[in-house]
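Visitor: Could you look at this predicted model? Sequence included:
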Amino acid sequence: MGKLKGDQLVKELRQGLEFARKGARFRELGSLSSLTSLQSLSRAKKEFPDYGTVDLGRRVKRLLWEGIDGLRPSSREDLNDDRWRIYLLLRDHVQRGKEWQQVAEVLRISQTTFGDLKRRAGEALAASILDREERMFEPIKSNLGPPPFEGPFVERHNWNDEEQTPIITPGYSMNDSLAEIVIAQVGGTQDHFLGRPRRDRENRFGV
């Protein structure tokens, strides 16, 4: 199914390139269903319900022109590089409207080679447009990190499995708070632990 859709897109894209090359044939361009059903154009139809066929045709032409510009290689121009040949063919033959003989002469290729290169250019442009659409409308992935660190879990009491009675650190009772027990073991005061200014108070632990 995906291949059928791709084949139909390439077929209509080639038609679209001919329409665009021959001037302002926006009505014909806006009637190419495979192109106007692309996400970017479908969204435009939803955002502007009064869009007519001619308006869509203008968007299709802009889509084709942007696709061609996106095929320009970043390397230095090289007529032996097929990427450059494809881009120059589309630029000169489609965007600039030059006849195939002129383009073939610049690229130093025969009529047969020109026909084959033109076919591959349509496929490359279709693939480029589909890739651009996919990247443009790719679902946004969540960047949420791990949950915030809440500190280690500290048990209030140790329980002896056999006797089922609490084991309390010697010198403390069940009534002593966890903060007081911890602070007394590691040093400091409960006031420090709770972030309050230190003040003189009775040492309930007898130290």
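Guide: Great, that's in hand. Nothing here was measured: the structure is a model prediction, and the numbers come from that model. Residues are numbered from 1 along each chain as shown.
Visitor: What is the burial count for D7?
Guide: 13 (other CB atoms under 10 Å). C-beta: built from backbone N, CA, C; applies to glycine.
Visitor: where does it fall, phi/psi-wise?
Guide: phi -60, psi -40 (degrees, to the nearest 10).
Visitor: helices and strands around the top helix by length along the chain, which ones?
Guide: When the chain is parsed with DSSP state H, its longest helix is helix 111-136. Helices and strands touching helix 111-136, by 3 or more CB pairs under 8 Å, 6 or more residues apart in numbering; DSSP states H and E, are helix 2-21, helix 39-47, helix 53-70, helix 82-89, helix 100-107.
Visitor: What residues sit buried inside the fourth one?
Guide: If you call a residue buried by 16 or more other CB atoms under 10 Å, then helix 82-89 has these buried ones: W84, R85, I86, Y87, L88, L89.
Visitor: so it versus helix 111-136, what angle?
Guide: 100 degrees (axes from the mean of the first three to the mean of the last three CA atoms, to 10 degrees).
Visitor: neighbouring contacts of helix 82-89?
Guide: Identification of contacts with helix 82-89 by CB atoms under 8 Å, 6 or more residues apart in numbering yields 68, 71-73, 75, 77-79, 103, 106-107, 109, 114, 117-118, 120-121, 124.
Visitor: Also the second one?
Guide: Residues external to helix 39-47 that are found in contact with it (CB under 8 Å, 6+ apart): L35, T36, Y51, L56, R59, V60, L63, E133, M136, F137.
Visitor: if I pick L13, what's in contact with it?
Guide: S34, L35, L64, G122, L125, A126, I129.
Visitor: Any chance of JSON lines for those residues, columns pLDDT and distance to R27?
Guide: Formatted as JSON lines, the contacts of L13 follow (pLDDT from 0 to 100; distance: CB to CB, whole Å):
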{"residue": "S34", "pLDDT": "89", "distance to R27": "16"}
{"residue": "L35", "pLDDT": "91", "distance to R27": "13"}
{"residue": "L64", "pLDDT": "94", "distance to R27": "15"}
{"residue": "G122", "pLDDT": "94", "distance to R27": "21"}
{"residue": "L125", "pLDDT": "95", "distance to R27": "22"}
{"residue": "A126", "pLDDT": "93", "distance to R27": "22"}
{"residue": "I129", "pLDDT": "91", "distance to R27": "21"}
